[in-house]
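> A predicted structure for the sequence below; I have some questions about it.
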Amino acid sequence: MIRVTIGTNTDRTNVVLDPNTTLKKALEDANVDIGVSSITLDGATLKPGDINKTFAEMGVTENCFLIVCAKVENAVA
Amino acid sequence: MKTKIMGNIAIISSSLTQTEIKGLERHNPDALCLKDEKGSTKYRITSTSGAASITRNGVSFNEIDETTGQVYITVALPVGTENKAVYIAENFGKALTDLRTVEAAASEAFAEVTANIEAVADAIDVIEAV
């Protein structure tokens, strides 16, 4: 089992997951919107397709940080 | 929970079956967890079809004993390990101690879940269409 810290712009939660869980499922179960976001795993930005890989496939063995940073538009005058 | 070492392989077996684990995951997932003082999960066990995992955060069992239905995992020991039992105790001691704690309550929790389901089913009248 691995401990994943899932962080967003406004919140941070710790969950204990089966390492065979995909990154996408972990975020969905945490009710995190990944629509217009950049996602990093232990500081490294995910590449296309990585979100459907499992934590085990991404090399996570015990702990990790999965951070979702929503991209928002600047105010327009 | 039992641990056996054969050669350079340690086999860690749970007293729980896959049926019990899957049943509890569906009806009472907290019975498979240990929580800290804030109520957050700090340890959890599961049965998986992927790679096995045993860490201080929990155990993912990926094998099933065909005879008993109990789940287990295999752990490879480094070649040349002299005192294998001590190696297992030092590297996985906390995980195994917490596993024992979870198992102690999980079987009773599964029995309660089964009884509740049976009670609900018994209270249902099935009327066959004429």
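Good, I have the coordinates. Numbering: from 1, shown residues only, chains lettered A, B, ... in the order given.
> every contact and neighbour count from this point should use C-alpha atoms.
OK.
> name all residues that make contact with residue B:2.
Taking C-alpha atoms under 8 Å, 6 or more residues apart in numbering or on different chains, we find residue B:2 in contact with B:12-15.
> now tabulate the residues you listed in JSON lines and tack on neighbour count.
Shown next, in JSON lines, are these (neighbours: other C-alpha atoms under 10 Å in any protein chain shown):
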{"residue": "B:12", "neighbour count": "18"}
{"residue": "B:13", "neighbour count": "20"}
{"residue": "B:14", "neighbour count": "21"}
{"residue": "B:15", "neighbour count": "19"}
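> from the residues you listed, which land in helices?
Mapping the contacts of residue B:2 onto helices (DSSP state H) picks out no residues; all lie outside.
> in JSON lines: those, plus distance to chain A.
Below are the contacts of residue B:2 laid out as JSON lines (distance: C-alpha to the nearest C-alpha, whole Å):
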{"residue": "B:12", "distance to chain A": "15"}
{"residue": "B:13", "distance to chain A": "16"}
{"residue": "B:14", "distance to chain A": "15"}
{"residue": "B:15", "distance to chain A": "18"}
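> can you redo those as JSON lines with pLDDT?
Listed next are the contacts of residue B:2 as JSON lines, based on pLDDT from 0 to 100:
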{"residue": "B:12", "pLDDT": "95"}
{"residue": "B:13", "pLDDT": "95"}
{"residue": "B:14", "pLDDT": "95"}
{"residue": "B:15", "pLDDT": "94"}
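> which residues of chain A lie near chain B?
Contact residues, chain A versus chain B (C-alpha under 8 Å from any C-alpha of the partner chain): A:1-3, A:14-20, A:56, A:62.
> and the gap between whatever residue of chain B ends up closest to chain A and residue B:73?
Nearest to chain A, among the residues of chain B, is residue B:58, at 4.7 Å (C-alpha to the nearest C-alpha). Note on residue B:58: its distance to residue B:73, by C-alpha to C-alpha, to the nearest Å, is 12 Å.
> more neighbours, those two?
Shown here are residue B:58 and residue B:73; by other C-alpha atoms under 10 Å in any protein chain shown, residue B:58 has more neighbours (28 against 21).
> name all residues that make contact with that one.
Residue B:58 makes contacts with A:1-2, A:16, B:43-45, B:95, B:98-99, as judged by C-alpha under 8 Å, 6+ apart.
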